[in-house]
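Enquirer: return a 3D structure for these sequence lines:
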Amino acid sequence: MKSKSFDEHTAAHVAELFRAFSDTSRVRILSAIIEQESNTSTIAETLGLTESAVSHHLRGLRQMHIVQTRRDGKGVFYSVVDPHIIALFQQGFDHVKEK
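Expert: I've put the predicted structure just below:
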C-alpha cells in the first residue's frame, strides 16, 4: 500500500468513516442492507432491534454518506451502493473470519 500522509481534514473524514463500523448494531444494519435494500421496519424485524434504534443508526449512516435512500410512496428504503464501502465492509468481514 502506498504511504498516505493525511492532513487533519482528511484524517477526520477517514476516522468518521471507520466510526460507522464501531457499533455492532450499525454493522448488522449495514450487512442487511448491503445484501438487500430494506425499510426500517424490515431491518428492525430481521435483526431483532427496535425501529427507533434502527432509524437512529440509519440517520447517522445517511449523514456520513454511507447509505442512501429511495422513496416508494410513503416508504423509505435504504441501501449501500458505494463499491468502496461494500469492499471495505467485506474486507473487514473476511479479516475477522480468517482468525
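Enquirer: where does pLDDT dip in the chain?
Expert: Flagging of the chain using pLDDT under 70 yields the residue ranges 1-4.
Enquirer: ranges for the helices of it?
Expert: In the chain, the helices defined using DSSP state H lie at 8-19, 24-35, 40-47, 51-63, 83-98.
Enquirer: what helices or strands is the first one leaning on?
Expert: Other elements packing on helix 8-19 under the criterion 3 or more Cβ pairs under 8 Å, 6 or more residues apart in numbering; DSSP states H and E are absent; no helix or strand qualifies. The way it works is simple: take the backbone N, C-alpha and C, and place the C-beta from them, glycine included.
Enquirer: again, but for the shortest one
Expert: Other helices and strands packing on helix 40-47, by 3+ Cβ pairs under 8 Å, 6+ apart, are helix 24-35, helix 51-63, strand 75-79.
Enquirer: and the ones you listed as a markdown table, adding mean neighbour count?
Expert: Compiled in a markdown table, those are given as follows (neighbours: other Cβ atoms under 10 Å):
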| stretch | mean neighbour count |
| --- | --- |
| helix 24-35 | 17 |
| helix 51-63 | 16 |
| strand 75-79 | 16 |
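Enquirer: would you list the helices of the chain in CSV and tack on distance to residue 77?
Expert: Formatted as CSV, the helices of the chain follow (distance: least, Cβ to Cβ, whole Å):
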stretch, distance to residue 77
helix 8-19, 23
helix 24-35, 9
helix 40-47, 9
helix 51-63, 11
helix 83-98, 17
